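have a look; sequence and predicted model below, questions after that.
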Amino acid sequence: MNTKDSLISHVPTPAGPDESAKRVQGLLDGQPKDEATVSKVLDGIDEMLDRMAAGLYSMASMLVGEGEDSIGLVETAVARTEVLAGGDATEARRSSRRALCIAAMELIAARKLGSLASPEGLVHASTCIEDDDLESAGISRAELESMLAGPDRESVKNWIESLATETRVIFVLRAVAGFTANETAEMLAEHGGRGAEGWNREAVREIFRQGMCSLASQLIHATTAR
């Protein structure tokens with residue numbers, strides 16, 4: 001199955017936070033700037049923040065659903081993150097995602113005690129995917145992001161919402177936010193609430209692999225239905 005050709009809408013990537021950060025730094029070179037130059041750079045910052053907020057909201061809605069809770073998570077993430085700290089916008093983007101995911105896990109755990117508890121007696125299941133790398137499902141992270149922003153976004157989001165709570169959280173943290181199995185396990189153990197302290201790398205890898213197998217099945221279904 002070539003999901004890369006049949007399912008994913010390739011869209012041009014807009015100028016990212018790193019470019020906006022460089023423009024801001026350019027204003028600080030000690031040389032006089034006219035009002036039009038400064039206004040153009042500040043407009044770029046507003047656009048960058050809007051894109052970051054939209055991306056964070058999309059991630060939040062996958063974790064806790066659409067609405068006020070997701071808006072609150074975005075506000076929390078932005079408040080906890082220096083967007084242009086040190087001019088390293090890539091790190092700022094990663095930090096904002098981490099802040100949002102932590103706040104989301106705390107909210108999910110508070111909604112239902114034990115909902116993110118670590119699994120007991122988890123065994124390796126024989127599935128259609130043997131590795132826990134996202135590309136094992138025939139898709140890269142950039143392509144998944146394109147799917148979530150393209151014409152298939154509703155079906156993908158509906159699939160994510162249908163997952164069990166721990167599978168949904170692990171899939172979003174790993175496939176969407178880009179955290180490693182170790183990082184995901186550490187965040188779950190620390191912020192997953194009652195019974196979550198037992199999360200480890202292997203448990204995260206196993207559940208993520210099962211989630212990717214479900215995604216592969218979803219993509220096959222979408223392909224044959226067309």
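Looks like it arrived, so ask away. Just so it is clear, the model here is predicted, and its values are computed rather than measured.

pLDDT weak spots in the chain?
1-50, 82-89, 124-141, 144-145, 148-149, 218-226 (pLDDT under 70).

at 80 instead, please
Scanning the chain for pLDDT under 80 picks out the ranges 1-52, 81-92, 122-157, 213-226.

could I get the full set of helices for it?
Per DSSP state H, the chain carries helices over the ranges 3-6, 17-26, 35-64, 68-79, 89-111, 141-149, 153-162, 165-171, 181-191, 201-224.

V64 reaches E106, doesn't it?
No: if you go by Cβ atoms under 8 Å, V64 and E106 don't touch, sitting 10.5 Å apart. Where C-beta positions appear, they are placed from N, C-alpha and C, glycine not excepted.

so for those two, which residue has more residues nearby?
Ranked by neighbour count (other Cβ atoms under 10 Å), V64 and E106 place V64 first, with 20 against 17.

ok, back up a step: what touches both of V64 and E106?
Overlap of the contact sets of V64 and E106 (by Cβ atoms under 8 Å, 6 or more residues apart in numbering) is empty.

what is the burial count for C213?
Neighbourhood size, C213 [other Cβ under 10 Å]: 18.

gap between it and A175?
Separation of C213 from A175 (Cβ to Cβ, to the nearest Å): 13 Å.

residues in contact with stretch 99-107?
In contact with stretch 99-107 (Cβ under 8 Å, 6+ apart) are residues 56, 59-60, 63-64, 69, 73-74, 76-77, 80-81, 116, 169, 172-173, 177, 179, 187-188, 191-193.

wait, I meant stretch 69-76
A53, L56, Y57, A60, S61, L63, V64, A99, L100, A103, A104, L107.
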